[in-house]
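Student: With the input below, show me the fold.
(one chain, ligands or ions: 2)
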Amino acid sequence: MIFRCKNCGGNIVYDPARKAMCCPHCDSVDSEEAVGSPIMNTCINCGAPMMFKDHTSATKCPNCETYTILEERVSGQYKPDMIIPFKISKDVAQGMLIDEFGKRAFTPTGFLSYSSISKMQGHYVPFFMYDYHSDINYHAIGTKVRTWSDSRYNYTETSYYDVAREMDGDFDKVPVDASIDMDDGTMDLMEPYTYRELEEHQDKYLSGFYAEKYNMEEGELAYRAEKKVRRDSDELLNNTLGGYATLTNVNKNIAVHKRDVKFALLPIWEYVFNYQGVDYKFHVNGQTGKVVGKTPISKSRVLAYGATVFGMIYIAGMLLRMALMAL
Ligand SMILES: [Zn+2]
Ligand SMILES: [Zn+2]
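Tutor: Ligands and ions are numbered 1, 2, ... in the order given. Predicted coordinates for the structure are as follows:
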């Protein structure tokens with residue numbers, strides 16, 4: 001499926017800045033019509049052959065650059081329930097990378113040049129959003145200690161308490177990425193998204209971006225959500241246990257169960273910079289603008305910097321010696 005402009009026939013894309021479907025060719029707004037095709041491997045616009053990765057659900061024609069959405073990978077079992085549409089546009093995301101990395105001493109030349117940074121692409125990453133319920137049962141012996149003295153003795157009084165907690169909590173929309181290609185650590189760093197801005201999915205939001213269907217199963221990823229729920233449940237419990245000198249656990253049980261799971265697409269900007277044969281990836285959260293990535297350290301820059309420091313020490317040494325000679 002592509003979105004074509006009813007005015008000029010151009011490819012209409014979703015514009016995060018205007019929060020609308022816009023035609024980059026005639027500048028009209030909301031003039032799109034969806035054009036579908038039963039044939040998946042040719043571009044609907046120009047007829048050129050198209051190749052896809054196994055999980056791609058939205059991409060761009062390499063010949064005419066029309067953004068194409070693969071209907072069979074956004075429908076049926078792969079139809080996303082929810083989406084956070086891009087809120088940060090490409091030029092804003094580029095600006096954020098430049099702000100973040102532009103001032104650092106050891107970035108290779110070309111890293112933030114216009115020609116490389118304009119290759120940044122917007123991707124929707126598949127996520128499962130889990131709803132969990134947790135039941136917390138806790139029993140411990142707690143102590144509180146009071147000390148005082150008189151002229152003859154120091155006194156210590158230890159009081160013993162039966163500490164019992166019975167709590168339960170609902171955790172909504174715990175996110176776990178469902179993409180093999182996406183590094184789990186990176187996606188965890190991209191968080192938090194503002195989940196109240198999740199909307200019902202519409203295919204039009206994908207026009208102008210790349211997307212993937214989920215390619216890991218909900219069941220095999222649930223353990224990652226469960227781990228987060230257990231950690232947060234533990235924290236909830238600990239918040240109620242202040243004031244004791246010691247706590248000796250008798251029983252601690254956190255039982256969690258899954259209530260619901262939804263499939264969602266979340267936006268990220270990705271910039272890949274190749275440096276000496278290695279790809280370095282940088283991401284900007286497409287909703288919040290949070291930047292994640294480590295720059296490669298340019299050896300020539302480090303050497304130049306080292307040489308300058310060495311030179312300065314040497315000059316300082318010379319000045320000192322000259323000053324001593326003058327005495
Ligand atoms: Zn147009
Ligand atoms: Zn094409």
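
Student: now the residue minimising distance to the centre of the chain, nearest residue through space, not along the chain?
Tutor: Averaging the C-alpha coordinates of the chain gives a centre point, and the residue nearest to it by CA atoms, centre = their mean is residue 190 (2.2 Å). Spatially, and ignoring its direct neighbours in sequence, residue 190 is nearest to residue 285 (5.2 Å; CB to CB, 6 or more residues apart in numbering). To be clear about C-beta, it is placed using only N, CA and C from the backbone, and glycine gets the same treatment.

Student: And that neighbour, how close does it get to residue 159?
Tutor: Using CB to CB, to the nearest Å, we find residue 285 at a distance of 50 Å from residue 159.

Student: Contact partners for residue 58?
Tutor: By CB atoms under 8 Å, 6 or more residues apart in numbering, the residues touching residue 58 are 67, 68, 69, 70, 74, 124, 206, 207, 209, 210, 211.

Student: out of those residues, what pair is the most spread apart?
Tutor: The most widely separated members of those are 68 and 124, with 14.0 Å between them, by CB to CB.

Student: Which positions in the chain make contact with ligand 2?
Tutor: The interface of the chain toward ligand 2, taken as CB under 5 Å from the ion, is made up of 43, 45, 46, 48, 61, 63, 64, 66.

Student: among those, which ones are buried?
Tutor: When burial is judged by neighbour count using 16 or more other CB atoms under 10 Å, the buried members of the residues of the chain next to ligand 2 are 43, 45, 61, 66.

Student: average model confidence for the helix or strand where residue 267 lies?
Tutor: When elements are assigned from DSSP states H and E, residue 267 belongs to strand 246-275. The pLDDT scores in strand 246-275 average 94.

Student: in the next helix or strand after it, what's buried?
Tutor: Scanning the chain past strand 246-275 towards its C-terminal end, the next helix or strand to appear is strand 278-285 (assignment: DSSP H and E). Neighbour-count burial for strand 278-285, with 16+ other CB under 10 Å as criterion, is recorded at 282, 283, 284, 285.

Student: Over to stretch 243-251?
Tutor: Those would be residue 244, for stretch 243-251 by 16+ other CB under 10 Å.

Student: How about the contacts made by residue 134?
Tutor: The contact partners of residue 134, taken as CB under 8 Å, 6+ apart, are 168, 169, 171, 229, 230, 233, 254, 255, 256, 257.

Student: Wait, a strand at it?
Tutor: Yes: Residue 134 sits within a strand when classified using DSSP: H, G, I helix; E, B strand; the rest coil.

Student: Excluding chain neighbours, what is closest to residue 226?
Tutor: Spatial nearest neighbour of residue 226, excluding adjacent residues (CB to CB, 6+ apart): residue 256 at 5.7 Å.

Student: typo on my end, residue 18
Tutor: Excluding its sequence neighbours, the residue lying closest to residue 18 (CB to CB, 6+ apart) is residue 29, at 7.0 Å.

Student: from memory the one you found sits against residue 20, does it?
Tutor: Yes: with contact defined as CB atoms under 8 Å, residue 29 reaches residue 20; the gap is 5.1 Å.

Student: Need the nearest residue in space to residue 68, chain neighbours excluded.
Tutor: Using CB to CB, 6+ apart and skipping the chain neighbours, the partner closest in space to residue 68 is residue 2 (5.5 Å).

Student: show me what contacts whichever residue of the stretch 201-327 of the chain sits closest to ligand 1?
Tutor: In the stretch 201-327 of the chain, the residue that lies nearest ligand 1 is residue 207 (13.1 Å; CB to the ion). Taking CB under 8 Å, 6+ apart as the criterion, residue 207 is in contact with 2, 3, 11, 12, 13, 14, 21, 32, 58, 67, 69.
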